[in-house]
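J.: could you look at this predicted model? Sequence included:
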Amino acid sequence: MDIVNNLVLVFYFFPAVLVLFYAFNKYQKHNRSVKKLEERLAAKQDVPSSLHPDFDLSKCIGCGACVPACPEKVVIGLINRKPHIVDPSHCIGHGACRLACPVNAIKLVFGSKTRGVDIPFVSPSFETNIPGVFIAGELGGMGLVRNAITQGKQAVESIVKARKKARKHQYDVIIIGAGPAGLSSTLGAMKAKLNHLTIEQDSFGGTVAHFPRGKIVMTSTVNLPLVGKVNIGGEISKEDLLKKWIAIKKKYKVKVNTGERMEKLEMDPQGGFVISTTKGVYKTQAVLLTIGRRGTPRTLGVPGENKTKVVYRLEDPREYQGKHVLVVGGGDSALEAAHSISEEEGSTVTLSYRSASFSRAKPKNQDKINAAEQAQKITVLYKSNVKAIEDNRVIIEYQDKMHEVPNDAVIISAGGVLPTPMLKDLGIQVNTKYGEE
Ligand SMILES: Cc1cc2nc3c(=O)[nH]c(=O)nc-3n(C[C@H](O)[C@H](O)[C@H](O)COP(=O)(O)OP(=O)(O)OC[C@H]3O[C@@H](n4cnc5c(N)ncnc54)[C@H](O)[C@@H]3O)c2cc1C
Ligand code: SF4
């Protein structure tokens, strides 16, 4: 009889337990979204810097389909049954939210009403308003690995069509940047037998090479010139994707001048362009800019900054075990780098920032740094300036005195210099978008 009673109880109460569980789960998700949105507003973080969703709340029916549709998972949160961008730093413009919306309440836009985003004018053949200067990949506004690869290939096809047969210049085309767009355009130039040169300020692979360790890249099968179809569809780890690209680079003998930065792009009065880099000056008939939108890391301009122990982004905190590390900067990436290195065994971390507080960073990161400082894992030097980087120490000006700090490695996280001023100097038309498609 007891068994029958228990079964009846389960029969009656199981749905109620399920409903309660569902409601509790929803309540928790709502609270998490509210907290993330509050953090975003406190850190004065605006919308994502590239293409991102804009929600028409008058059309939105609050179904929440856009939230799990985003491959990055953390970007959109539902608050009072309406979607909000709660973590803009993770939005990379997949656009999956727009496809998931059953009532067409999402459009993808650049910038916001208060913050404009500069997008260079690019014709359907990827040429700017300056004949001979082409742009492909994320710099032109369209993010994602697949788009960058497709555009790189198409831009070279346009350059081949526009090429003047008589060769007057050292190069037919110089490609700047070796991310996915740069890789596919270099392969395209090889296929078309163009006399070309590819220059990369950092290492081969572009932004993908600097994704966090183990990051899952969502992309699809692509078609690379010379190579044909490359199956990278669905989910692939950053490491596996890079392995594929490096294998292609080796097999097809793709040449990239890594560690060489373009510093100036000028028109040559005799026709074509002159490109000045950190290693030389070149003349070319056409230029293909595949430099993405992340710019060039801002340097400190202090003696010793060219030492190999100085880097501009954290790749893997484990490299810093047992080392004395200086992190420079006050934004989220500086705070995240300092905190993760301080967790490594035997490390000591000094965090130098020129301002009096970390007001630009997320409160969560500020709290972590405060806790690490109290636990004496990090020394924070507010209102300080790095004056010199030497082999075994750094010189930091702090409270009107020079301090010598033992040092094995330096990470400078002082933001990036965007390429837009250089484009404008050359006369390339740049449109500022305020929440527009
Ligand atoms: C955290 C994160 C996660 C992402 N996840 C995904 C994902 O899952 N799926 C997806 O499809 N996309 C993803 N993206 C977006 C994707 O990485 C970019 O859209 C893509 O890399 C753009 O390719 P690109 O070749 O145009 O530019 P980039 O990959 O940015 O390459 C530009 C290259 O140009 C170089 N360069 C810049 N200036 C100069 C100069 N003056 N001289 C010489 N070289 C220069 C840079 O060093 C860089 O190597 C993600 C982006 C980020 C930041
Ligand atoms: S998918 Fe569309 S309708 Fe549903 S919550 Fe998102 S924006 Fe609103």
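T.: Received it, and whenever you're ready, just let me know what you need. Numbering: from 1, shown residues only. Ligands and ions are numbered 1, 2, ... in the order given.
J.: Ile197 looks like it's in a strand, true?
T.: Careful, residue 197 is Leu and not Ile. Yes - Leu197: assigned to a strand according to DSSP: H, G, I helix; E, B strand; the rest coil.
J.: that one: what's it in contact with?
T.: If you count contacts by Cβ atoms under 8 Å, 6 or more residues apart in numbering, Leu197 has them with Tyr171, Ile174, Ile175, Asn257, Tyr282, Thr284. Placement of C-beta: from N, CA and C, glycine included.
J.: and what about the fifth one, helix, strand or coil?
T.: If I follow you right, that is Tyr282. Tyr282 - assigned by three-state DSSP - is strand.
J.: now do Glu315
T.: Per three-state DSSP, Glu315 ends up coil.
J.: among the contacts of Leu197, which one sits closest to Trp245?
T.: Comparing those against Trp245 with Cβ to Cβ picks out Ile175 as the nearest, at 15.1 Å.
J.: for the closest one, give the beta-bridge partners.
T.: Thr198, Leu288 (DSSP bridges).
J.: any idea how far Gly259 is from it?
T.: Ile175 sits 16 Å away from Gly259, going by Cβ to Cβ, to the nearest Å.
J.: settle it for me: which of these two has more neighbours?
T.: Using other Cβ atoms under 10 Å as the criterion, Ile175 and Gly259 rank with Ile175 on top: 34 against 12.
J.: contacting residues around the more buried one?
T.: Counting by Cβ under 8 Å, 6+ apart, Ile175 has contacts Gly182, Ser185, Thr186, Ala189, His196, Leu197, Thr198, Ile199, Leu288, Thr290.
J.: count of neighbours near the closest residue to ligand 2 within the stretch 151-300 of the chain?
T.: Closest to ligand 2 within the stretch 151-300 of the chain is Met218: 18.6 Å, counting by Cβ to the nearest ligand atom. Number of residues near Met218 (other Cβ under 10 Å) recorded here: 16.
J.: does the residue lying closest to it once chain neighbours are set aside count as helix, strand or coil?
T.: Among residues not flanking Met218 along the chain, Pro71 sits closest, at 4.3 Å (Cβ to Cβ, 6 or more residues apart in numbering). Assigned state for Pro71: coil (three-state reduction, three-state DSSP).
J.: phi, psi of Pro71?
T.: phi -60, psi -20 (degrees, to the nearest 10).
J.: mind listing what's buried along the helix or strand containing Gly77?
T.: Under the criterion of DSSP states H and E, Gly77 resides in strand 76-79. Residues of strand 76-79 classed as buried: Ile76, Gly77, Leu78 (neighbour count, 16 or more other Cβ atoms under 10 Å).
J.: which residues of this structure score low on pLDDT?
T.: 1-2, 4, 7-11, 26-27, 41-45, 165-167 (pLDDT under 70).
J.: how is it divided into domains?
T.: Domains of the chain are assigned by automatic domain parsing as 2-109, 118-295+419-433, 310-416.
J.: redo those domains as CSV? Include distance to Pro303.
T.: Shown next, in CSV, are the domains of the chain (distance: least, Cβ to Cβ, whole Å):
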stretch, distance to Pro303
domain 2-109, 32
domain 118-295+419-433, 18
domain 310-416, 5
